[in-house]
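[1] everything below, folded, please.
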Amino acid sequence: MQRFQAKLETPFALVGVRTEGAALAEIVYLPRSAGSLAPANALAEQACAQIEKYAADPSYRFELPLKQIGTAFQRRVWELIASIPCGETRSYGEFARILKSAPRAVGQACGTNYFPLVIPCHRVVAANGIGGFAHSSGGYLIEVKRALLAHEQHGGYDR
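    I've put the predicted structure just below:
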């Protein structure tokens with residue numbers, strides 16, 4: 001079985017799209033060396049089209065059917081993340097105070113986000129810096145986070 005139903009080259013990353021039936025199951029940032037893959041079904045094609053719209057306009061709002069996944073706590077964190085306006089950030093600590101939890105727990109929920117871009121976890125940062133991204137503190141994933149934040153600050157990529 002193929003893991004992804006599409007792999008889309010974008011200005012900020014190679015984006016893997018996985019679908020399950022009528023729902024989006026996962027979006028993953030991949031190393032560019034993984035190579036692109038044309039959408040294998042209508043939902044993957046729809047997801048790719050919406051990711052391209054976001055690449056052109058960071059204020060674009062996704063409308064995709066998402067698989068019901070995650071713990072109750074993760075879903076609460078993801079709901080807060082989804083409320084962050086484009087071009088703004090919030091800290092792990094801010095969300096921890098709202099949820100009466102710990103910043104580390106918020107960070108773990110952010111890192112487990114199955115739908116980055118749709119649920120823009122790149123907008124959650126540390127109190128004193130960029131923080132981690134997708135359970136990583138370095139490498140290409142942090143570069144993706146930096147690129148996404150810059151993209152939203154500057155209003156899109158020229159195509």
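[2] helix or strand: which one has the residue positioned nearest the centre of the chain?
    The centroid of the chain falls nearest to residue 116 when counting by C-alpha atoms, centre = their mean (1.4 Å). Following DSSP states H and E, one finds residue 116 outside all helices and strands.
[3] and the nearest residue to it once chain neighbours are set aside, which of the three is it?
    Nearest non-adjacent residue to residue 116, counting by C-beta to C-beta, 6 or more residues apart in numbering: residue 27, 5.5 Å away. All C-beta spots, glycine's among them, are computed from the backbone N, C-alpha and C. For residue 27, the secondary structure call by DSSP: H, G, I helix; E, B strand; the rest coil comes out as strand.
[4] pretty sure residue 27 contacts residue 120?
    No. Contact criterion C-beta atoms under 8 Å: residue 27 and residue 120 do not qualify, at 11.1 Å.
[5] so who does residue 74 touch?
    109, 112, 113 (C-beta atoms under 8 Å, 6 or more residues apart in numbering).
[6] where's the nearest residue to the second one once chain neighbours are set aside, which helix or strand?
    Read that as residue 112. Computed as C-beta to C-beta, 6+ apart, the closest residue to residue 112 that is not its neighbour in sequence is residue 74, at 5.9 Å. If you go by DSSP H and E, residue 74 is part of helix 72-82.
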